[in-house]
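>>> The sequence and its predicted three-dimensional model are supplied below.
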Amino acid sequence: MFEGLTRIVRAGGWRVAILSVLWALPAGVGWAQQDGPRVSRVGMPAAPVTSRDGSVVVRAPLSKTGYRAPVLVFVDRTREELARATRLKLGSAACPLEIVIGGKSDGDKQVFAMRLSEPGGGVHERIELPDPEAADLGRFRRAICVALLRAWMVDAGGVEGKMRDVPAWLIDGVVRHMGRETRQVDVDRTLLLWSRACLPPAAALFAAQSEATASEPAVAAVLAGWFLEKRKDGSPFEALLRGAAAGDAWSPAAAAKLLAGTEDPVAFDEALDLWLSGLGRMVVKPGLTSAGIVRRYRSRLLLYPAFYGTTWANNGSCLTFGEAVLRAGDPEVRQSAAAQAEWVKLAAVGRDGMLIAVSEGYAAFLNAVARGQPEGELARLLLEAEGMRRELERRTAQGMVLQRQVGE
């Protein structure tokens, strides 16, 4: 991802590296002895750099000394993003995080993570990286998040040998949820799968080995967002980690208890459906309009009877806007149009200017229906609104994600 060490250090970027075999030597072994083979000075350890709170230390040989500061910056930024998403205080003196940079330059992309016991009885998290020019930043980012969360569990009273793991898909979901640029796309994808009945029941969806979340990273990220919600009684994710630190095993029933306040699978299904339904109305990223948002907007361009569960006389349970033009003389149709005019404007609140313009076009049409305007005028207003909507759909179908401009 990055090309040269000098350029990387100057730019503030860097590549993940793995531990050199020299670091595996016991602490008491000298680096150079008069009666043994000489060791190149570049293989000797440079002085480590430490985070401000002392919970993260980065080590490297002299040959890779320039990577220490960029690595520490990356770790600190990742910690800030994770702390913001989880609302947890991350960084533990009881279980510090050690990053060990190796001296290899052979294209090794691996990242190794482990927990090590200390002679005095404590533990610390360790991430080893051999080649800073080739290593996978995504893997390293995930390893940092896992290490920080495991360290938090130690601070919460977790004892080695008793703490339980949480599902890998949930950790992956939390890491993906941290990236705000993907949240709206993930919501769109999840709601599409849910609306087409492609998601399994909640008991299977929240299983430790969930096929749906493993095959659909967007679903894992959205479900992780449910755990990360802030509630009056605290965060479900924090409660989950505290339980895992105390030895509580993961189960769909345990997830249901945290998220929905019930262990009944049917009630959990209902709670999930209700939550997803509400998610479809949220403005996840203000000013943004994606293909999924446009699709959901279009699905509501219908008129419904004033009372839920009733139907229009002789014509089903809803009317298209085109049918409303032909039945604009019906008082009930006019009443429904007046109510729907408010909805089409509210559905575009917080979106980009083009969707707002589309909503204003439909609102003008519906208000004209409510006032009993002539059929020709109604047809003209509807045609204008439909034309703007089709242009919006064309743009988003091409992969464009429309964003409100500053001052719009």
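The structure has been received and is ready for your questions.
>>> What mean pLDDT does the top helix by length along the chain get?
What stands out as the longest helix in the chain, according to DSSP state H, is helix 375-397. Mean pLDDT, computed over helix 375-397, is 90.
>>> mind listing what's buried in that helix?
378, 381-382, 385-386, 388-389, 392-393, 395-396 (16 or more other C-beta atoms under 10 Å). Where C-beta positions appear, they are placed from N, C-alpha and C, glycine not excepted.
>>> With stretch 120-137 instead?
For stretch 120-137, a neighbour-count test (16+ other C-beta under 10 Å) marks 123-137 as buried.
>>> what are the ranges of the strands in the protein?
Remark: strands assigned in the chain by DSSP state E are 49-50, 56-59, 97-101, 112-117, 123-129, 288-289, 302-303, 319-320, 402-403.
>>> and the first one, how far out from the chain's middle?
Once both centres are worked out by C-alpha atoms, centre = their mean, to the nearest Å, strand 49-50 turns out to sit 30 Å from its chain's centre.
>>> Could you spell out the sheet neighbours of it, each with its direction?
Partners of strand 49-50 in the sheet, by DSSP bridges, are strand 56-59 (antiparallel).
>>> Taking the buried residues of stretch 120-137 together, which two end up most distant?
Taking every pair in the buried residues of stretch 120-137 and measuring C-beta to C-beta, the maximum separation is 31.0 Å, between Val123 and Glu133.
>>> Ala220: how many residues sit nearby?
28 (other C-beta atoms under 10 Å).
>>> If I follow the layout properly, it ends up in contact with Ile171?
No: with contact defined as C-beta atoms under 8 Å, Ala220 does not count as touching Ile171 (9.0 Å).
>>> The most centrally placed residue in the chain: what's it in contact with?
The centroid of the chain falls nearest to His177 when counting by C-alpha atoms, centre = their mean (1.4 Å). Contacts for His177 (C-beta atoms under 8 Å, 6 or more residues apart in numbering) come out as 85, 183, 186, 221-222, 224-225, 228.
>>> ok, so what distance separates it from Leu378?
45 Å (C-beta to C-beta, to the nearest Å).
>>> can you map out the helices along the stretch 1-150 of the chain?
Assigned helices in the stretch 1-150 of the chain, in chain order: 5-11, 68-86, 137-155 (criterion: DSSP state H, counting those that start in this stretch).
>>> In the last one, which residues are buried?
Neighbour-count burial for helix 137-155, with 16+ other C-beta under 10 Å as criterion, is recorded at 137, 139-155.
>>> Below-threshold pLDDT in the protein: ranges please.
Along the chain, the parts satisfying pLDDT under 70 run over 1-43, 281-286, 306-316, 399-408.
>>> can I see the domain layout of it?
5-25+36-155, 180-279, 288-403 (automatic domain parsing).
>>> gap between stretch 208-217 and the chain center?
Stretch 208-217 sits 15 Å away from the centroid of its parent chain (C-alpha atoms, centre = their mean).
>>> which one among the buried residues of stretch 120-137 gets closest to Gly102?
For these, the nearest to Gly102 is Pro130 (3.9 Å; C-beta to C-beta).
>>> Just confirm the closest one contacts Lys104, I think it does.
Yes: under the criterion of C-beta under 8 Å, Pro130 makes contact with Lys104 at 4.1 Å.
>>> count of neighbours near Ala260?
What Ala260 shows, counting by other C-beta under 10 Å, is a neighbour count of 20.
>>> Hmm, Phe206 is touching Leu258, no?
No: the pair Phe206 / Leu258 is not scored as a contact, 10.2 Å apart, by C-beta under 8 Å.
>>> quick one, which of these two is more surrounded?
For Phe206 versus Leu258, neighbours defined as other C-beta under 10 Å are more numerous around Phe206 (27 against 17).
>>> Can you tell me how far the closest residue to Glu375 other than its chain neighbours is from Ser336?
Beyond its immediate neighbours in the sequence, the residue positioned closest to Glu375 (C-beta to C-beta, 6 or more residues apart in numbering) is Val325, lying 5.9 Å away. Distance from Val325 to Ser336, counting by C-beta to C-beta: 13 Å.
>>> Neighbours of Glu80, how many?
There are 12 residues near Glu80, going by other C-beta under 10 Å.
>>> Show me which residues of stretch 256-276 are buried.
Buried residues in stretch 256-276 (16+ other C-beta under 10 Å): 256-260, 265, 268-269, 271-272, 275-276.
>>> Where do the helices of the stretch 251-400 of the chain begin and end?
252-260, 265-279, 291-299, 321-326, 331-346, 353-371, 375-397.
>>> In TSV: those helices, plus distance to Arg77.
Formatted as TSV, those follow (distance: least, C-beta to C-beta, whole Å):
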stretch	distance to Arg77
helix 252-260	29
helix 265-279	28
helix 291-299	29
helix 321-326	49
helix 331-346	37
helix 353-371	33
helix 375-397	32
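>>> And those helices: which comes nearest Arg196?
For Arg196, the closest of these is helix 291-299, at 11.4 Å, according to C-beta to C-beta.
>>> hmm, back to that, nearest to Phe74, of the buried residues of stretch 120-137?
Nearest to Phe74, judged by C-beta to C-beta, of these is Leu137 at 8.0 Å.
>>> Roughly how far does the closest one sit from Val58?
15 Å.
>>> hang on, the earlier thing: tell me which of the contacts of His177 is nearest to Leu199?
Val222 (10.4 Å).
>>> Spit out the contact partners of the closest one.
The contact partners of Val222, by C-beta under 8 Å, 6+ apart, come to 173, 177, 186-187, 190, 279.
>>> Same question for Trp194.
With contact set as C-beta under 8 Å, 6+ apart, Trp194 has these partners: 273, 276.
>>> let's go with 7 Å and repeat that
Residues near Trp194 by C-beta atoms under 7 Å, 6 or more residues apart in numbering: Leu276.
>>> cool, Val219 as well?
Counted by C-beta under 7 Å, 6+ apart, Val219 has contacts 190, 193, 212-213.
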